[in-house]
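Engineer: Structural data only, the sequence is not supplied:
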């Protein structure tokens, strides 16, 4: 009997120890703290002078809040191999210069070592402009009947919700032979005309690009499914090198309801309301950027990293960088913009 | 290539110049059970020629006429010798008697197939008795986990049955059950394999120098043979373990003519957990009625019938079926009577069923055409399928004096995937001369790939309104035709030099696209003396199917897909060389080195994962190349009271995905996920007496690799406008990843112990097995991840962040006990 009691105690203690065994434990990170790197972020364009943002990377187990910026760095700008000057620190990690690049220029930045942070360099070619050959628009209004609950069932009310949509078709000329990369955005500019002033505001359109002649789902394919609606559509000419690219997208212009503003759009339509503007108008601004490959890879991979549906099984996304010894991007783009007055 | 073809033609038009040769042939079986013995040795001391029995126990040895001194031997059995004057073709059937000195438990591999004398290298034959002694998780003996202890074979994640052979992936292993492929060898997310050791007779692992008769996978072939059944008396065994119970019965249907063997296994965690679920439900539903039935189990059923028509003709019918089943049924009812003659009633029913498993069936006719030519013809069907059904019914009614409302919603979701094969094949063995053992054959398989169909049904009724929707989404089945032809010759040039030369041709037709592959195989052995040999070999392999899965864990949703026009077949070339030494007939020592290149490997793109649907899978993967090289050392003792082996592997495996548009790691080389530099395994069994034996296993390996973001940095955000048309560029934060698989986990090591107590009873022998998995409770890494703790300071009302690096382990020390009775 005594032996049985001892066995019982041993068994109980053993089971308790077993249950207390934790499957999660804090471990030491092998190799110690990873040395910080310079992080360069800059997009150069013939439309403006060169400007970059400079900061330090931060060890992922660091408890410090925020990320340190790098002031007082020694940055040389080279254009086509010639030194064109140094960049000046402004504020919040931003450096500016008076150098404005031209199309086809090779822009190179060399940043000297600072303390224990390695110096970095990066280079990019300013791409040629690609033009929007034409923009065609077509509008269409759809109506959906409103159902009302009568206490037992939902029944048709005889009132409607209205949506006026605009279909935009763009034609772009793609230069042949060379690999081209693009970024497209569209904005709706609203202008409220008062007797003594005009108020202007712009809103980016989130659109679902639907290339009628575009079989390209993008190099990152399905990942885009998670983020179909975008302010920017970034794409390559992989499937239509040297041809005309036709892109189609749809945007909602107005929506109104018989319930809210009968006969008008939600902002009052073209009719003046008391205290409202004398008139209003809208413009569609389509901006096509020819971008460098570096900028394309950077934005594509960053977009994927942000949108990836992270699970235990997912392979994390590496964000592209063309900064030697550091990270970030030095990209370049050339824009072509078209403004269309909307009806 | 022309030279190889010429060599093959020369070998196959070989002319037997001797007219004074006669053939000794027959079957080799176990005396007690009649079970055929695979790889038993037949050797003539006078001519110094020999052979081994094939997988059906058949042997054939052609010798010069005159005096012969034949010896038949098989490890663990009494050797039988015959001296006679060979003057005509002779048939000798051997029934081996088990030796009491060399117990079956002591066998690891047979020298004749894998040791000093054979041309075969990179192969290990593992007797099932050995597998049963290896202590394992929950005491559940497992074939795949025993194979993982061999050099050159890496286990995947902790506790899983994933196999990574010489730098290959888990889908590059061909598991054959009685010669027929098994597509999903995993139960319970890969913690157990589908092979019930009670039903298995023999296992051979080929990890290099593949004989030409095998094809279809790049990295390994695991040839599993099921027991035929005792032809004299009915007997069996039953065992009750921590998570499952098993029964095996075998015996004659017609004595010495027709036998059967049936094994069944079922886990019972669902039965044990159900009362606990109900107790929990009773707590949760105090004022409502609810009932939950839920559980998970798997079962396996192996059956084999073997009929001997004559000594020359036998028929085998084999069946394996196994399923994993998850089920949930939930019912709840709620009623309430209000103060103002209101009455509310609602009820919900939910049903969830997941069901996945294999069926592998075959009918085989073995026919001895003459004493030099043996034929085996098989018709087979194999299938893996995964079905998921979710059903929900919700009823609601509200009655009051002034209004009534009634609602009924039904939702049904279903998802089905799988693969199905019909196979017809004929294999021949031709033994025209003791110097030539030829094998050739042809097989045809009709594959049906079922990439996944989802069914969605919705019906809503609300008073007089009714809404119904039935949707069927999915990809069409893909059909493919696969034909393979092969020929090989094991050619003894002289006593010292032996060659194995073969060619495997494969044709794969899918969606109007045909792929051809010619895969030469060559291996050579030079015997320095009876105990020392040097070997070298080359093998090309081709693979036409890919498994879409998550690299870390095996899930039932893992899906086989064929190659396509865009995704090409995988191809590998493996070169190997080794030294084999037998030390005093006690210890077999071998050192093998290999170098393997692999092309058209697939990997998921950054951010991609397989969520059970094959739709658009080609867009989720990229193709690239890989290579692996390493050295494997094995020392094994197969005889005596103490047996076991020590294996050590030094290996490296890398990947390069740099094809335009298909770059991974920005086109730079990166280590494969299971690239491990060092791998050690020590497996020891010691038999103290007939009543008591112990076994222990210790494994150590370099940690796996993983992708870890070790820094944080500022990134450009998309331009914003400030509302007046002015663009403001803003900045955000992101994780910096220096490269794919850039971090190596802590090393993995574990000790497992097992002890068996046997006792003879009136009708048989009972055995108690006590085993401990991870005996010193090492926290082995399964996953590493950063974690943030927030400490609130009540004085400043602020939170302080404390970042930690966390390692997650899944199996602590796990003791288990099982009971078995063999009669």
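Structural biologist: Noted; the coordinates are in hand. All figures in this text were calculated on a predicted structure; none of them were measured in a lab.
Engineer: Tell me the secondary structure of residue B:130, please.
Structural biologist: At residue B:130, secondary structure determined by DSSP: H, G, I helix; E, B strand; the rest coil is helix.
Engineer: And it, how far from chain A?
Structural biologist: Going from residue B:130 to chain A by Cβ to the nearest Cβ, to the nearest Å gives 29 Å. To be clear about C-beta, it is placed using only N, CA and C from the backbone, and glycine gets the same treatment.
Engineer: Could you verify my assumption that that residue touches residue B:146?
Structural biologist: Yes - with contact defined as Cβ atoms under 8 Å, residue B:130 counts as touching residue B:146 (7.1 Å).
Engineer: which helices and strands sit right next to the helix or strand containing residue A:246?
Structural biologist: Applying DSSP states H and E as the criterion places residue A:246 in strand A:244-257. Using 3 or more Cβ pairs under 8 Å, 6 or more residues apart in numbering or on different chains; DSSP states H and E, the elements in contact with strand A:244-257 are strand A:132-149, strand A:154-173, strand A:181-193.
Engineer: so the helix or strand following that strand versus strand A:181-193, what angle?
Structural biologist: As assigned by DSSP H and E, the chain's next helix or strand after strand A:244-257 is strand A:279-291. The directions of strand A:279-291 and strand A:181-193 differ by 160 degrees, with axes from the mean of the first three to the mean of the last three Cα atoms, to 10 degrees as the criterion.
Engineer: Strand A:279-291 pairs with which strands?
Structural biologist: If you go by DSSP bridges, strand A:279-291 pairs up with strand A:181-193 (antiparallel), strand A:327-342 (antiparallel).
Engineer: Do a quick rundown of the strands in the stretch 401-550 of chain B.
Structural biologist: Ranges of strands within the stretch 401-550 of chain B are B:404-433, B:436-462, B:465-474, B:478-492, B:497-510, B:513-529, B:532-543, B:545-548, based on DSSP state E, counting those that start in this stretch.
Engineer: Show me where the chain dips below the pLDDT cut-off.
Structural biologist: No chain in the question, so chain A it is. Chain A contains residues with pLDDT under 70 at A:1-22, A:31-33, A:152, A:205-230, A:252, A:259-277, A:309-313.
Engineer: nope, chain B please
Structural biologist: Counting by pLDDT under 70, chain B has low-confidence residues at B:1-19, B:100-114, B:159-161, B:189, B:276-290, B:338-340, B:550-557, B:609-616, B:718-730.
Engineer: buried stuff in the strand holding residue A:246?
Structural biologist: The neighbour-count check on strand A:244-257 (16 or more other Cβ atoms under 10 Å in any protein chain shown) flags A:245, A:246, A:247, A:248, A:249, A:251, A:253, A:254, A:256, A:257 as buried.
Engineer: out of those residues, who's nearest residue B:26?
Structural biologist: Using Cβ to Cβ, residue A:245 is the member of those that sits closest to residue B:26, with 75.9 Å.
Engineer: Looks like the closest one contacts residue A:175 (just checking).
Structural biologist: No - assessed by Cβ under 8 Å, residue A:245 is found out of contact with residue A:175, at 11.1 Å.
Engineer: Correct me if wrong, but residue B:618 is in a helix.
Structural biologist: Yes - applying three-state DSSP, one finds residue B:618 inside a helix.
Engineer: and it, what does it touch?
Structural biologist: B:564, B:566, B:567 (Cβ atoms under 8 Å, 6 or more residues apart in numbering or on different chains).
Engineer: Buried ones among those?
Structural biologist: Here, 16+ other Cβ under 10 Å leaves residue B:567 buried among these.
Engineer: So residue A:305 belongs to a strand, correct?
Structural biologist: No - assignment of residue A:305 by three-state DSSP gives helix, placing it outside any strand.
Engineer: For burial, what's the neighbour tally of the nearest residue to it once chain neighbours are set aside?
Structural biologist: The spatially closest residue to residue A:305, leaving aside those adjacent along the chain, is residue A:317, at 4.0 Å (Cβ to Cβ, 6 or more residues apart in numbering or on different chains). Other residues near residue A:317 number 27, with proximity taken as other Cβ atoms under 10 Å in any protein chain shown.
Engineer: quick one, what contacts residue A:317?
Structural biologist: A:301, A:304, A:305, A:308, B:606, B:607, B:737.
Engineer: one more time with 10 Å
Structural biologist: By Cβ atoms under 10 Å, 6 or more residues apart in numbering or on different chains, the contact list for residue A:317 reads A:220, A:223, A:300-308, A:310, B:605-608, B:707, B:709, B:734-735, B:737.
Engineer: hang on, the earlier thing: chain A is nearest to which of the strands of the stretch 401-550 of chain B?
Structural biologist: Minimum separation from chain A across those (Cβ to the nearest Cβ) falls at strand B:465-474, 5.9 Å.
Engineer: And chain A, is that closest one touching that?
Structural biologist: Yes - counting by Cβ under 10 Å from any Cβ of the partner chain, chain A is contacted by strand B:465-474 at residue B:465.
Engineer: and that strand, which residues are buried?
Structural biologist: Those buried within strand B:465-474 under the rule 16+ other Cβ under 10 Å are residue B:474.
Engineer: again with stretch B:397-411
Structural biologist: Buried residues in stretch B:397-411 (16+ other Cβ under 10 Å): B:398, B:409, B:410, B:411.
Engineer: For the last one, which non-adjacent residue is spatially closest?
Structural biologist: Leaving aside its sequence neighbours, residue B:411 sits nearest to residue B:392 (Cβ to Cβ, 6+ apart; 4.6 Å).
Engineer: Tell me which stretches of the stretch 551-700 of chain B form strands.
Structural biologist: Using DSSP E, counting those that start in this stretch, strands in the stretch 551-700 of chain B cover B:559-562, B:570-583, B:587-604, B:621-637, B:642-656, B:670-671, B:678-689, B:692-701.
Engineer: and the first one, which residues are buried?
Structural biologist: When you say that, I think you mean strand B:559-562. B:559, B:560, B:561, B:562.
Engineer: Going along the chain, name the helices of chain B.
Structural biologist: Here chain B has its helices, by DSSP state H, at B:2-12, B:111-114, B:128-133, B:143-147, B:269-284, B:617-620.
Engineer: from the chain's centre, how far out does the last one sit?
Structural biologist: So the one you mean is helix B:617-620. 26 Å (Cα atoms, centre = their mean, to the nearest Å).
Engineer: Go ahead and flag the most central residue of chain B.
Structural biologist: residue B:185 (4.8 Å; Cα atoms, centre = their mean).
Engineer: on that earlier part again, for the buried ones among the contacts of residue A:317, write the corresponding PyMOL selection.
Structural biologist: Filtering the contacts of residue A:317 down to the buried ones (16+ other Cβ under 10 Å) takes a single PyMOL command:
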select buried, (chain A and resi 220+223+300+301+302+303+304+305+306+307+308) or (chain B and resi 605+606+607+608+707+709+734+735+737)
